[in-house]
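>>> Would you be able to build a 3D model of this:
(chains A and B)
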2 protein chains.
Amino acid sequence: MRKILRVNMSDLSLAWEDLPEKYRFLGGRALTSSIVCDEVPPTCHPLGPSNKLVIAPGILSGTSAPSSGRISCGGKSPLTGTIKESNAGGLPAQKLGRLGIAAIIVEGKPKDAVFRLLKINKDGAELIPVPELVGKGMYETNRLLWDRFGKVGIMGIGPAGEMLLTNAGISCNDTENGPGRYAGRGGLGALMGSKQLKAIVVDDTGAPGVHIANKELFDTGRKKMVKALTSHAVTSQALPTYGTAVLINIMNEAGGLPTRNFSSGRFEGAKQISGEAIAELTASRGGAGKMGHPCHPGCIIKCSNVIPYEDGSYHVAPLEYESDWALGANCGIDNLDAIAELNRICNDVGLDTIEAGCTLAVAMEAGLAKFGDHEAAIELLKEVGKGSALGRVLGCGSASVARTYGVTRCPTVKGQAMPAYEPRAVKGIGFTYATSTMGADHTAGYTIAPEILGVSGKSDPFDPNKAELARNFQATTTFIDSTGYCLFIAFAILDIPEGFEGMIESVNGVTGSDWKGDDVLELGKQWLKMERKFNLAAGFGPVHDRVPEFMKYEKLPPHDTTWDVPDEMLDAVHDY
Amino acid sequence: MRKILRVNMSDLSLAWEDLPEKYRFLGGRALTSSIVCDEVPPTCHPLGPSNKLVIAPGILSGTSAPSSGRISCGGKSPLTGTIKESNAGGLPAQKLGRLGIAAIIVEGKPKDAVFRLLKINKDGAELIPVPELVGKGMYETNRLLWDRFGKVGIMGIGPAGEMLLTNAGISCNDTENGPGRYAGRGGLGALMGSKQLKAIVVDDTGAPGVHIANKELFDTGRKKMVKALTSHAVTSQALPTYGTAVLINIMNEAGGLPTRNFSSGRFEGAKQISGEAIAELTASRGGAGKMGHPCHPGCIIKCSNVIPYEDGSYHVAPLEYESDWALGANCGIDNLDAIAELNRICNDVGLDTIEAGCTLAVAMEAGLAKFGDHEAAIELLKEVGKGSALGRVLGCGSASVARTYGVTRCPTVKGQAMPAYEPRAVKGIGFTYATSTMGADHTAGYTIAPEILGVSGKSDPFDPNKAELARNFQATTTFIDSTGYCLFIAFAILDIPEGFEGMIESVNGVTGSDWKGDDVLELGKQWLKMERKFNLAAGFGPVHDRVPEFMKYEKLPPHDTTWDVPDEMLDAVHDY
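Numbers count the residues shown, from 1 in each chain, chains lettered A, B, ... in the order given. The predicted model follows:
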């Protein structure tokens, strides 16, 4: 039976609990959200003693299912005040899965000012004071932890999390011990910081491995998934070759690439920061640079990359589409090395790159730097790690800068910055941003697939009738986020029925559940309803399910469209 | 017929409109809130073009009714996001009343970056660019405006309002042209700043005066009010002699004087900052110092004061209980000269003193200064005027500092800081803070009267059954806030029936309304319902009608009580 590790920071006690029967078939997001809904008072202060940080590997994490090494972090978000699930790749999920750990629940609040580390291995867990790591960036932290504990999985926070900044993320280390795999969104690094937990190290040496209820069924499902991923054009060609930044040119062409703080849908420098340009740069510089880099062992999509300095030495990994856009186009910056450096600073200080890029853009709108001035942007971002007043404002995200500097053009929903798709040019993604239980979040319901990419059918991006589409994408996503599979399997399973079957069979094979195809949508809706119930109790209602006002009266070039979707259509998303 | 002056900042046009029939009997808060509810979209950005600043003198302002020179400022609050009415004394209300102006509505947003001044006299109104006043503090601004326009009434914003900081207030000048009469709460100075309106000057030379429908009735009512105010102990003795700070010793004795960021209900330095100490200081230093200073001509309560420097020269006016407490006890500061200086800086930069004091206390909690270090507090507050990042964070109020520095002990409701009464020690005022349509605001329903002062009956401060009390106080207050009478008439009219009659008769005498005694509560409830409807549409519900979580689990010395009022009791306040 899988276990829950309960870590009480108030009295520094650790307890192992059997996974309750009601959670038996759950993993990842379904499990973190269930525990948060069961144990966290919706109106509590996100940084107070009543909030809890819940960490759960996906159901398949630690098995041989392809691309299934995702870990979910949950809690009440310090950034949005809503429920939050933020997931990442890297090493920790698989190692926790192999140790038979369904979830870690970190609760309470220390009475002292000591930061600690949680060490987990097959023999148990312990809390270790780590004063020597306080204030350290994630690169150094990871290095020191591998020196001390071997090639463990690491979840950690940088100075941003220690300082309780609401854009702090939780870093997961990758195969090269880089800290770039972030459960970034929603400020869960600040929640971890409020528990004074600097890091969690997971050593799976001698671990029993994931218990698989029906090996044959699991294997059948796994193989179907491998086949789907290796045969779909997006997962077998576009993503491994150009990485996620293949979307830069596509979104720019569609007029939906938010530029200079969402003031245009086209960026004149798009070509210079495109996935094609990244591929060319890694190829021409050689050295550490590469495309097709997996974020965790066993990933066969390998959409990631390593960006080298000019001399070929390692600079940052990965540089994803979202980071490339946020720190690039959205700040008017077209210099890949500068973008890589901004990304590296985010990874080191411990910030979500989407929020950080949008924050810099709002800061530029406020006059703190000129759009396109990458040197000024780097200096601004460095302030966060210094803990200056300016750095703290920036480290608290876009809405923080907007409030502090009186900027009305703030592209956030529920206080969380919008990702790299303009809702005025692609209406469906605006539905997702507005109505997601998480604040603006593209991964909550990636309608870009049919609206722009022609995956799982085609849908006119300007058509405002997207409630059903958004609802179904959000529900399906909630299910995928619970399996441990990377969300990118969606491209393949939505187009290839056997891939979809494979997902369900592999999940049923592990836990012994008997879910059918139709259950995916139904379970997803059920979990969304549960998350929304938390949000309603926390004070969020339809009024908060809206895009920012300026998008309603300001036309977006090049299509000169506004956000003209009636509120009733947005509200219809919740008709589960 | 009274007029509305509509000022469109988008096209810089001015229009005079007859007061619509539906607003015929309204003034002050009832009028600002009605116009805001009718014209401002509840979900708009408070600093965007859709919000409006509405200014209305009370019904009686400009008449010979005693203590009736209050002016209401309304809009969607940049601080709280709720509807807001903030009222002040000073010269402007009476002058606007005498010009026959029921309300000024400032709407739209300039297309340029020019700050302007709105000049109003008997011949009309005009907008005048005032680049020379940009960045100027309110003391210098007021001096320059009297030099240029004579002894006009002035409403203006300091650098805080220009910078759109959410704790910026709107200053009204007093008889000596001091800027210390503030419509301070809720950040309406930032709303005025977003319209790029530096000041409004009102010249009532040759004005026709307030039209009085029934002179005899008005006079009967006025006389009853004079008699009540001059015979009640609070309004005829305590307030004129010691000022509002007479409450320092009283609240300290009751264990309800919030100290060092609401961590105790008793301050060991209370005596040094008490009303008695202020009276002694003004008496011993002489010079400009005085007690019994009226905030506007015709006030017979005269609760205000002028604090002199050691050499007797003018330092600041007034130093009220709330400011004295916020900048004193709540910061652990017991030095009256330092408190006066902090107050002067607030007046000059353009900040609400309650919010500013709570902000400094939260900043102290965050480690930016030590509690009690008045020199550090002065340096911190000076940052606001400089517009540094730290200054902006401080200028945006307590919740802004708490968010930026990760402080969970933030004594706000709906983002607005609590005034000088501890809800854990005086439950009824907690009901008002939690359920008011305005965020935490003692003036919204001053249950301190029966709970501590024994005015209008007696009520045990620890008894949690206060829904009805809070409801009735809030409703009555809403009525008083609409008349132009100072809220302090409440002490007299709640104890003396003829005073209550006098209030209604004087109001009926001016507008020709036929309101009876029972209408006061009914009209108040009706207006509260209207304001709450705005808030519900803006996204506020019962969940937001709560005191901060830390007060529920942290005991307050000396009584060691927590906030233990069930949520259902709070929600019952809205059963109008």
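>>> which intervals of chain A have sub-threshold pLDDT?
Nowhere does chain A drop to pLDDT under 70.
>>> Now do the domain split for it, please.
Domain ranges of chain A: A:3-202, A:235-422, A:426-495+A:515-576, per automatic domain parsing.
>>> Switch those over to TSV; also include distance to B:R116 and mean neighbour count.
Placement of C-beta: from N, CA and C, glycine included. What follows is the domains of chain A, written out as TSV (distance: least, CB to CB, whole Å; neighbours: other CB atoms under 10 Å in any protein chain shown):
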stretch	distance to B:R116	mean neighbour count
domain A:3-202	37	23
domain A:235-422	18	23
domain A:426-495+A:515-576	23	20
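>>> B:S61: which of those domains is closest?
domain A:235-422 (31.3 Å; CB to CB).
>>> Quick one: check the closest one for contact with chain B.
Yes - judged by CB under 8 Å from any CB of the partner chain, domain A:235-422 comes into contact with chain B at A:388-390, A:392-393, A:396, A:400, A:403-406, A:408.
>>> Which one of the residues in the stretch 201-350 of chain A is closest to chain B?
Nearest to chain B in the stretch 201-350 of chain A, going by CB to the nearest CB, is A:G350, at a distance of 13.9 Å.
>>> Okay, and which of the residues of domain A:235-422 next to chain B map to helices?
Among those, the ones falling in helices (DSSP state H) are A:389-390, A:392-393, A:400, A:403-405.
>>> which of the residues of domain A:235-422 next to chain B lies closest to A:A572?
Closest to A:A572, out of all of the residues of domain A:235-422 next to chain B and judged by CB to CB, is A:T408, at 28.0 Å.
>>> which ones are touching the closest one?
Listed by CB atoms under 8 Å, 6 or more residues apart in numbering or on different chains, the contact partners of A:T408 are A:402, A:549-550, B:45, B:47-48.
>>> Next: A:P208.
A:98-100, A:122.
>>> so what's the residue of the stretch 301-450 of chain A found nearest chain B up against?
Sorted by distance to chain B under CB to the nearest CB, the residues of the stretch 301-450 of chain A start with A:G406, at 2.8 Å. Residues counted as contacts of A:G406 (CB under 8 Å, 6+ apart) are A:366, B:47, B:163-165, B:190, B:193-194.
>>> switch the cut-off to 7 Å
B:47, B:163-164, B:190 (CB atoms under 7 Å, 6 or more residues apart in numbering or on different chains).
>>> near chain A too, which of these?
B:47, B:163-164, B:190 (CB under 7 Å from any CB of the partner chain).
>>> Tell me which of those residues fall in strands.
The members of the ones next to chain A among the contacts of A:G406 all map outside strands under DSSP state E.
>>> C-terminal to the helix ranked longest in chain A, what's the next element?
The helix that spans the most residues within chain A, counting by DSSP H, is helix A:517-537. Following helix A:517-537 in sequence order, the next helix or strand is helix A:550-553 (DSSP states H and E).
>>> how far out from the middle of the chain is that following helix?
27 Å (CA atoms, centre = their mean, to the nearest Å).
>>> Of all residues in the stretch 151-300 of chain A, which one is closest to chain B?
A:L164 (2.7 Å).
>>> Report the separation between that residue and A:G502.
As defined by CB to CB, to the nearest Å, A:L164 lies at a distance of 42 Å from A:G502.
>>> Show me the strands in the stretch 351-500 of chain A, by range?
Ranges of strands in the stretch 351-500 of chain A, per DSSP state E, counting those that start in this stretch, are A:412-413, A:416-417.
>>> start to end distance for stretch A:114-129?
7 Å (CA to CA, to the nearest Å).
>>> neighbouring contacts of stretch A:555-569?
Contacts for stretch A:555-569 (CB under 7 Å, 6+ apart): A:255, A:264-266, A:422-425, A:427, A:430, A:462, A:464-465, A:467, A:547, A:551-554.
>>> Based on its surroundings, how many neighbours for the closest residue to A:D18 other than its chain neighbours?
Distances taken as CB to CB, 6 or more residues apart in numbering or on different chains place A:M1 nearest to A:D18, at 5.3 Å, with adjacent residues excluded. Using other CB atoms under 10 Å in any protein chain shown, A:M1 has 9 other residues around it.
>>> Now name the helix or strand holding A:H315.
strand A:314-316.
>>> Tell me the strands beside that strand, with direction?
According to DSSP bridges, strand A:314-316 forms sheet pairs with strand A:304-308 (antiparallel).
>>> For the partner strand, which outside residues touch it?
So strand A:304-308 is contacted by A:243, A:278, A:282, A:285, A:287-291, A:293-295, A:314-319, A:340 (CB under 7 Å, 6+ apart).
>>> rerun that using 8 Å as the cut-off
A:176, A:243, A:278, A:281-282, A:285-295, A:314-320, A:336, A:340, A:343.
>>> wait, what's in contact with A:A103?
Applying CB under 8 Å, 6+ apart, the residues near A:A103 are A:4-5, A:19, A:23, A:31-32, A:35, A:54-56.
>>> would a markdown table of these with secondary structure and distance to chain B be doable?
Putting the contacts of A:A103 into a markdown table (DSSP: H, G, I helix; E, B strand; the rest coil; distance: CB to the nearest CB, whole Å) gives the following:
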| residue | secondary structure | distance to chain B |
| --- | --- | --- |
| A:I4 | strand | 25 |
| A:L5 | strand | 25 |
| A:L19 | coil | 30 |
| A:Y23 | helix | 27 |
| A:L31 | helix | 26 |
| A:T32 | helix | 22 |
| A:I35 | helix | 20 |
| A:V54 | strand | 19 |
| A:I55 | strand | 21 |
| A:A56 | strand | 25 |
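>>> which non-adjacent residue is nearest A:A245?
A:G275 (3.6 Å).
>>> Up against chain B, what does the stretch 101-250 of chain A have?
So far as CB under 8 Å from any CB goes, the stretch 101-250 of chain A lies against chain B at A:163-166, A:190, A:193-194.
>>> swap that for the stretch 451-576 of chain A, please
A:537-541, A:543-544, A:546, A:548-550, A:553.
>>> circling back to that earlier point, of all the strands of the stretch 351-500 of chain A, which one is nearest B:Y182?
strand A:412-413 (31.0 Å).
>>> which other helices and strands contact that closest one?
Judged by 3 or more CB pairs under 8 Å, 6 or more residues apart in numbering or on different chains; DSSP states H and E, strand A:412-413 is in contact with helix A:398-405.
>>> what packs against the helix it packs on?
helix A:353-365, helix A:389-395, strand A:412-413, strand A:416-417, helix B:389-395, helix B:398-405.
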